[in-house]
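Trainee: this one's structure only:
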C-alpha cells in the first residue's frame, strides 16, 4: 500500500534550464529519502520542460506540472504548496543547492520539538559557476517562547537581512495559516512574520545550503522594472514600493493576530519605527515608481489617436 511521503518539496521554476539539473540532483541525493518533489513550471520558454520530464521519468518521487501562462512568482510558489502531500514542506529554488544532510537535519529537529515550526541551515553564497562568494551570518534562530518577541525580531532585527530561512523545512499546517508569499520583493518576510506567531525558528549550525548569486536572480534586478514586473506578474507601482508594502503587511499581521492589546500596540509602533528608519529607501522606491509611472503615462498618451 502506497504511503504519502512525510516531506514535500515544492520547486517553482521559470526558464531555469541553466542550474535546474544541479538543483534537482542535490535534492535527489538527500540522505533522508521520505519526500516527493513537486515542480511547477511557470510556462518556461527554454529547455526547462524537457529537463523536468526527463527527471520525472527517472524518479517516481518527482511530479511535474506546467502552467499554460506565466502567473508570476507568488502564484507559482502557492501552486506547489497547494499540491503538497507531506506534513512537512520545503520550498526549493531552481538555482540553489542543498547538501545531502539538509533534510535529515531539519526533520530531526521538527520531530524532536513540537514548538518549532521552521528549521533551516546556515547558508553559503556561490556565484554562477559555483565558486564560494561568502558565508551567511547565523541570524535565523528565533527561539523566544513568546510570539510577540518572535514577531518583533522578524520586523526589527531582520528588516534588512537576506531571507535564507525561506529555504528551510516548515510544518505545513502552520504555513497554511499564513497568507503565503506576496507579489513584491522581500515579501517572504511577511510570511515569516505570520509564521513565527505559531512557533519557533531554528537555524542548524552547519552550512548545508548554497544560495546562488547571479545576474538573473531577483536580488540583482530590483531596479529593472520590466524584469521585476515579469517575475512577479505585477505592475511597477506594486513591485517598486516593497518597503512600504512590507511595513503595511507587518502592521496587518500585528492587528489580526491573537496577541494581547498591549503587545499589538508595541509591535505597531515598532513597525512604524522601521518604516521611519527606512525612509531613505522608501523615498528612493517612490522616485523609481514615479519615474516609471510617468514614463508609462507618456507612452500611453503618445499612442493615443489624438496625439498621432
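Mentor: The structure has been received and is ready for your questions. Quick caveat, the model's predicted, so the values are computed rather than measured.

Trainee: wait, residue 266 sits on residue 149?
Mentor: No - with contact defined as C-beta atoms under 8 Å, residue 266 does not reach residue 149; the gap is 10.3 Å. (Glycine included, C-beta is placed from N, CA and C.)

Trainee: quick one: secondary structure of residue 180?
Mentor: Three-state assignment for residue 180 (DSSP: H, G, I helix; E, B strand; the rest coil): coil.

Trainee: run a quick neighbour tally on residue 63.
Mentor: 16 (other C-beta atoms under 10 Å).

Trainee: so it bridges to which residues?
Mentor: Legend: beta-bridge partners of residue 63 under DSSP bridges are residue 38.

Trainee: any idea how far it lies from residue 25?
Mentor: Distance, residue 63 to residue 25, by C-beta to C-beta, to the nearest Å: 17 Å.

Trainee: now swap in residue 8 and tell me
Mentor: 19 Å.

Trainee: the more surrounded of those two?
Mentor: Higher neighbour count among residue 8 and residue 25: residue 8, with 24 against 11, using other C-beta under 10 Å.

Trainee: which residues touch the more buried one?
Mentor: 35, 36, 37, 38, 83, 84, 85, 86, 88, 89, 90, 172 (C-beta atoms under 8 Å, 6 or more residues apart in numbering).

Trainee: how about the first one, what does it touch?
Mentor: This means residue 35. Counted by C-beta under 8 Å, 6+ apart, residue 35 has contacts 5, 6, 7, 8, 9, 27, 61, 86, 103.

Trainee: tell me the phi and psi of it?
Mentor: Dihedral pair for residue 35: phi -150, psi 160, per degrees, to the nearest 10.

Trainee: ok, for it, nearest residue in space, not its chain neighbours?
Mentor: residue 7 (3.9 Å; C-beta to C-beta, 6 or more residues apart in numbering).

Trainee: pretty sure that neighbour contacts residue 90?
Mentor: Yes - counting by C-beta under 8 Å, residue 7 touches residue 90, with 6.5 Å between them.

Trainee: between the two, what contacts are shared?
Mentor: Taking C-beta under 8 Å, 6+ apart as the criterion, residue 7 and residue 90 both touch 103, 169.

Trainee: pick out whichever of the two has more residues nearby.
Mentor: Comparing residue 7 with residue 90 by other C-beta under 10 Å, the one with more neighbours is residue 90, at 28 against 24.

Trainee: quick check: that one vs residue 202, distance?
Mentor: Counting by C-beta to C-beta, the gap from residue 90 to residue 202 is 14 Å.

Trainee: where does this protein dip in pLDDT?
Mentor: Flagging of the chain using pLDDT under 70 yields the residue ranges 1-2, 138, 159, 216-240, 296, 302-308.

Trainee: spatially central residue in it, please.
Mentor: Central residue of the chain (C-alpha atoms, centre = their mean): residue 188, 4.8 Å from the mean position.

Trainee: you'd agree that one is up against residue 166?
Mentor: Yes - contact criterion C-beta under 8 Å: residue 188 and residue 166 qualify, at 4.9 Å.

Trainee: domain-wise, how is this protein divided?
Mentor: Using automatic domain parsing, the domain parsing of the chain gives 7-218, 222-307.

Trainee: ranking those by burial, who's on top?
Mentor: Of the domains of the chain, the one with the most neighbours on average (mean count of other C-beta atoms under 10 Å) is domain 7-218, at a mean of 19.

Trainee: packing partners of the strand ranked longest in the chain?
Mentor: In terms of residue count, the longest strand belonging to the chain (DSSP state E) is strand 200-212. Applying 3 or more C-beta pairs under 8 Å, 6 or more residues apart in numbering; DSSP states H and E, we find strand 200-212 packed against strand 97-98, helix 102-112, strand 116-126.

Trainee: residue 50 is nearest to which of the ones you listed?
Mentor: Residue 50 sits nearest to strand 97-98 of all the helices and strands packed on strand 200-212, at 21.3 Å, using C-beta to C-beta.

Trainee: now what about the closest one, what contacts it?
Mentor: Contacts of strand 97-98 (C-beta under 8 Å, 6+ apart): 22, 23, 26, 27, 30, 92, 126, 167, 208, 209, 210, 212.

Trainee: helix/strand/coil for the closest residue to the last one other than its chain neighbours?
Mentor: With C-beta to C-beta, 6+ apart as the criterion, residue 212 has its nearest non-adjacent residue at 4.5 Å, and that residue is residue 95. Following three-state DSSP, we place residue 95 in the coil state.

Trainee: residue 95 and residue 272, how far apart?
Mentor: 36 Å.

Trainee: over to residue 32?
Mentor: Taken as C-beta to C-beta, the span from residue 32 to residue 272 is 43 Å.
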